[in-house]
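S.K.: Give the three-dimensional model of this entry:
(chains A, B, C and D)
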4 protein chains.
Amino acid sequence: MATPNLDFSSDNAAGVAPEIMAALAAAASGRAGAYGADAWTEKLQRAFSDLFGRDVLVMPVVTGTAANCLALATATPSHGAMLCHRTSHVNEDECGAASVFAHGGKIVPVDGPLGKIDPSLLKAAIATMPRGVVHRSQAASVTLTQATECGTTYKLAEIAALASIAREASLCLHMDGARFGNAVASLRMKPSDITWKAGVDVLSFGATKGGAMGAEALVFFDPAQVRDAEFRRKQAGHLLSKMRYVSAQLLAYVADDLWLRLCGHANDMARRLAEGLGNLPGASLAYPVEANEIFVKLPLGVIARLKAAGARFYEWEWALAEGADSMLVRLVTAFDTRETDVEGFLAAARNH
Amino acid sequence: MATPNLDFSSDNAAGVAPEIMAALAAAASGRAGAYGADAWTEKLQRAFSDLFGRDVLVMPVVTGTAANCLALATATPSHGAMLCHRTSHVNEDECGAASVFAHGGKIVPVDGPLGKIDPSLLKAAIATMPRGVVHRSQAASVTLTQATECGTTYKLAEIAALASIAREASLCLHMDGARFGNAVASLRMKPSDITWKAGVDVLSFGATKGGAMGAEALVFFDPAQVRDAEFRRKQAGHLLSKMRYVSAQLLAYVADDLWLRLCGHANDMARRLAEGLGNLPGASLAYPVEANEIFVKLPLGVIARLKAAGARFYEWEWALAEGADSMLVRLVTAFDTRETDVEGFLAAARNH
Amino acid sequence: MATPNLDFSSDNAAGVAPEIMAALAAAASGRAGAYGADAWTEKLQRAFSDLFGRDVLVMPVVTGTAANCLALATATPSHGAMLCHRTSHVNEDECGAASVFAHGGKIVPVDGPLGKIDPSLLKAAIATMPRGVVHRSQAASVTLTQATECGTTYKLAEIAALASIAREASLCLHMDGARFGNAVASLRMKPSDITWKAGVDVLSFGATKGGAMGAEALVFFDPAQVRDAEFRRKQAGHLLSKMRYVSAQLLAYVADDLWLRLCGHANDMARRLAEGLGNLPGASLAYPVEANEIFVKLPLGVIARLKAAGARFYEWEWALAEGADSMLVRLVTAFDTRETDVEGFLAAARNH
Amino acid sequence: MATPNLDFSSDNAAGVAPEIMAALAAAASGRAGAYGADAWTEKLQRAFSDLFGRDVLVMPVVTGTAANCLALATATPSHGAMLCHRTSHVNEDECGAASVFAHGGKIVPVDGPLGKIDPSLLKAAIATMPRGVVHRSQAASVTLTQATECGTTYKLAEIAALASIAREASLCLHMDGARFGNAVASLRMKPSDITWKAGVDVLSFGATKGGAMGAEALVFFDPAQVRDAEFRRKQAGHLLSKMRYVSAQLLAYVADDLWLRLCGHANDMARRLAEGLGNLPGASLAYPVEANEIFVKLPLGVIARLKAAGARFYEWEWALAEGADSMLVRLVTAFDTRETDVEGFLAAARNH
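M.R.: Below is the predicted model of the structure:
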């Protein structure tokens, strides 16, 4: 039996799915047009249009930050505001990049339970920025994270409710889908139903966390919204000269539903891990586990034991309250997490 | 008896104090060096150094937004964060300008009662931005508004408490003194005591609201913090060619304590108006009136009566709750508010 | 007889015309709406529409840099290029501000004799930026300086030729009219004929150098081109709270052709000075004197004599060539230059 | 015998060297720290320090534009200027990105023969930006392209001469080494000798054009110059989560002098192709062929023949002069160019 790998620190710590490595190897030699004028990138337009059931424009980039920021900046002037969940990557983990890409556009965090924007708080935030009042930043875009940074998923009705608010205020609706595959695999819905049909204008379709080497697809559902995104990509240094290697990853990722199998597996492992941890004395899950992230409050003794066993995960609190005997931690599974890894982790937690 | 002027909409609606007009007229003719190389601007350095009891560097500009943004941007890189009160001008009334001047630096609102930043919330906000973690914007500066946007003032101990937190985290401490004169006149303290001696690094010393035509002094207490502020001022189009006319306003404003007389008078009028309004049946002051702004909840009937009488003031709520019978309004007095104006307003409110 | 004033350093060194001071004094007291909601600013729209014979949108600001940068940034995205003459203020004297306002848009200098853009060089510069090629900045705007930085003026046919090139390439045509009054007084043409009728889209109409205290009118000839200029002005800190005082200056400046009298007088003084200097042995004018600036090569002995007499002017060369016995200097007249000043300067130059 | 590949459009059109694909495959599976906290990235610091004979800081990115812009922006404030050759990628092929990264810093092109900055023109350009004059952008950095965009190389003495000018003016000296391997292979000098020992502060060490998939190393020779580059990389979306795959490419590229073999081969093919083309009747080389690019003026008949044969290359003139019978074209070889490709191209050109 294989030695369990106890690294649950991040899906970014995972490697590359074999199918994607094979696609890169297949594209390795021979000449191809530079800067996207290659057969892979051309084919990608078709593949994603098929995937989403309508003609879309896809721009391959290599990081989620680039995808998110290009999407938001395209829709947000320097006097505009980008509304996002307080826990979103845009607000908390991208070093203010969206504001830099939007030349000073304002990041406005909105709260809501389970990592999801609360519709009434979104409305209230928009209301503080009356249209045309030059003293106030003007609401320009909203971004939803799917799956959320709490490991939950937005349900169709939740997306539609927020989309309706965005549409009424003429805001661009962006979806940060760094873990879009995990959400789709979890919701078991068609990608179209929870994106453009629900009112999403532009999607950061992540593949890196799902099993690619470094590939994200910026998907514009409405060509009119693309505006100057291609110039912005070039200016940001995100137009890769040998772009075929990003496109090849994305093609392999979506071919034959590979992405749903990879992400579905990660979700399965997360659910199994969550069940095991939830049964530990003194442990409690912070949120329902609907994708591949687990937020769980663990007794300090369990944490110490896990660390001693070499397990890796993030402590999710900057500081513990005086006298606290447990702590919130985050565990992430990936396409390459094995049952043996889950079992090994649980065994270490249980200390037997 | 003069007809009362019922315009209490803003101190920005006031005119120019006669002493300041006289100073402008005195500077009207003759040649002077351009772009600040004139006798007035030179004298200004001396006048402000005397006023604050230490050598300071003064940069005259014409708007509070320019002063605030130049101060903050000088201390805040594009990956930095500027912490301010949620109700501050920087957050709510400058269209995100600080972020544009700081090339994407993030505006982070912090709450607290009476328009003042709560020290524990400031600490908590800083703690979310651990030093050196590239994923997070880095706290770089804090700005206090004195007097606050609620018409209150920071007391010395309150400034010192926040300054201590800022210093510990190596943040630049800025004071937005658009109504600094009102605060000083109210607190009856020396300008030095509630600025650099209390830990303030840079001050937007406002004169426009106090009675100037358009003049604000950006005061750096520590020359080392000035950095590239002069280049930034030029780049922002805020280096006036005939700068003597901004400097002349500022010189007249601080000469012979004119500023304290003008602001003290506005404060007196506000207090008198607040007393009268506070005694109206159904009315209640939202905050203590410590400067020249009054926030008062008035019965809708009173509001209607005042409007019918031609009174001007701001309704301070975007929307009224269902069934509400009163509303928060803001009234502002200025150097040119007369007792007769206050009496006239109260009479209209009382309807007799 | 009055002592001559030998300061010919700049029209920015001049004071304020009495008519403009009177207008400021007249506006000094009383209440008025803040941020441009005042009677002066409203009247300004009418006054400038009359002046230009069509409905225009006027935005008052206090510096030429602000006017130029707001005009150009409104028309130029971050991947755009702003074409200007190499000697233009935008290129040489505004510290790259246009690029900052345009969030990275590129300043592209174009050459041409007498301070005027050469049409064939403009065409060639545009040709290096093929439309739609993401690797290249995209030409977005052209700016002409009228009068030029060489003290010459663009003639109608010259403007039309450049406008035709701009129109064909879909570029916005801006005119930097810091000395627009000098140009109009010199050309003796209607303002409309050399602006919008000739193809100019937006004008920085300067008044400061002409005799105002600090007032420039940003004039959009086509409302559709204004776009987000008002938000940009606010964000740049250029929306003055007591805007009536900028508008009042502009109203007085254009009332009863005051501006043309003031600038016409400055032009006359310049011509007279140029004639006197041109007759000095060893002196030679660098450009025809068509406005209020004189560029003249003077023998070093004359320069030394003038300096000894206390005269002020700019030496226009960073370094003198080895063995050079003369140097290019710049002299500027203003509305307040008197004949006695000109005579005094010439006498000092002639040493008798 | 293999069919010749007649695609000489760009080294960006080439694939990935087998050794680099092997390194990627070897890194494909298993867990590793995200965002650069992995063994490959750690090893990279050592490998590049060895390569350059001193401790350096290496930041892996995926495009040359990102490397160049991060390097320049780190050294250039918004009021700064970046001096570069007129033909440089920074000036002509990155859509003004350096200015966006530097928040408005100015790109100032300087001329010189053979794609190299002329020292006296560099001095003259710097002299137009006197230190401390707020009206002028301030020279902050210089960038040299090695090998140049004309297919030539800077010789040691040429670098030293420019470095001396940069140092005297306190400018940061950057080298754009998108084709650094071609330059080193051509010059047969140690990397250290033509970089930091010659005065270069920071290097964009390109691997993509040399045979990597998408990998560039931003090399800081002086840790003090790194400043906030890591925050800037994050903010630009260039901090890859699975960074091991960029680092692995770079490690393989420099291991056992692979880079010099790959680039040396490309240079050889270029020289051979140039010899053949130079002997064609009516053809003439525009520049000496010192790296892997050939600029050659070809008779139009030859060009037509080559196109008919399916050859690919860039026509290097936007428009042909009236009556011209030849045109400048650019050919680029790469690590995977074979002798048979060169022979095939020459045969097609000769039409036999």
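S.K.: What residues does the stretch 151-300 of chain A have near chain C?
M.R.: A:228, A:230-235, A:239 (CB under 8 Å from any CB of the partner chain). Just so you know, the C-beta spots here come from the backbone N, C-alpha and C atoms, and that holds for glycine as well.
S.K.: quick one: which of those has the most company?
M.R.: Per-residue neighbour counts (other CB atoms under 10 Å in any protein chain shown) across those peak at A:Q235, which has 29 neighbours.
S.K.: wait, it sits on D:D93?
M.R.: No - at 11.8 Å, A:Q235 does not count as touching D:D93 under the criterion of CB atoms under 8 Å.
S.K.: a helix runs through A:D257, doesn't it?
M.R.: Yes - note on A:D257: a helix contains this position according to DSSP: H, G, I helix; E, B strand; the rest coil.
S.K.: okay, now it: neighbour count?
M.R.: Residues near A:D257, counting by other CB under 10 Å: 14.
S.K.: ok, it to A:V58 distance?
M.R.: Relative to A:V58, A:D257 is positioned 18 Å away (CB to CB, to the nearest Å).
S.K.: Could you confirm whether any residue of the helix or strand A:N68 falls within contacts chain B?
M.R.: Using DSSP states H and E, A:N68 maps to helix A:64-75. No - applying CB under 8 Å from any CB, one finds helix A:64-75 separated from chain B by no less than 9.4 Å.
S.K.: Now the helix or strand following that helix: buried residues?
M.R.: Once the chain leaves helix A:64-75, the next helix or strand it forms, by DSSP H and E, is strand A:80-85. Buried positions in strand A:80-85, judged by neighbour count with 16 or more other CB atoms under 10 Å in any protein chain shown: A:80-85.
S.K.: what ranges do the helices span in the stretch 101-250 of chain A?
M.R.: A:119-127, A:156-168, A:180-187, A:229-235, A:244-254 (DSSP state H, counting those that start in this stretch).
S.K.: Turn the ones you listed into TSV, columns for distance to D:L331 and mean pLDDT.
M.R.: Formatted as TSV, those follow (distance: least, CB to CB, whole Å; pLDDT from 0 to 100):
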stretch	distance to D:L331	mean pLDDT
helix A:119-127	56	97
helix A:156-168	51	98
helix A:180-187	43	98
helix A:229-235	24	97
helix A:244-254	21	98
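S.K.: export these to JSON lines and tack on distance to chain B?
M.R.: Below are these laid out as JSON lines (distance: least, CB to the nearest CB, whole Å):
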{"stretch": "helix A:119-127", "distance to chain B": "5"}
{"stretch": "helix A:156-168", "distance to chain B": "15"}
{"stretch": "helix A:180-187", "distance to chain B": "21"}
{"stretch": "helix A:229-235", "distance to chain B": "14"}
{"stretch": "helix A:244-254", "distance to chain B": "23"}
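S.K.: how about those, which one is nearest C:N12?
M.R.: When these are compared by CB to CB, helix A:229-235 sits nearest C:N12, at 36.3 Å.
S.K.: ok, residues contacting that closest one?
M.R.: A:59, A:61, A:66, A:70-71, A:73-74, A:101, A:218, A:220, A:239, C:77-79, C:104, C:134-135, C:138, D:65, D:94-97, D:100 (CB atoms under 8 Å, 6 or more residues apart in numbering or on different chains).
S.K.: Could you confirm whether any residue of stretch A:177-184 contacts chain D?
M.R.: No - counting by CB under 8 Å from any CB, chain D has no neighbours in stretch A:177-184; the shortest distance is 9.4 Å.
S.K.: got the CA coordinates for that stretch in CSV?
M.R.: Output in CSV follows, covering the C-alpha atoms of stretch A:177-184 (Å, rounded to 0.1, in the frame of the first residue of the first chain):
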residue,chain,number,x,y,z
GLY,A,177,-14.4,30.3,-11.4
ALA,A,178,-11.0,29.3,-10.1
ARG,A,179,-12.8,26.2,-8.9
PHE,A,180,-15.6,26.3,-11.5
GLY,A,181,-15.1,22.6,-12.2
ASN,A,182,-15.6,21.8,-8.6
ALA,A,183,-18.8,23.8,-8.6
VAL,A,184,-20.2,22.3,-11.8
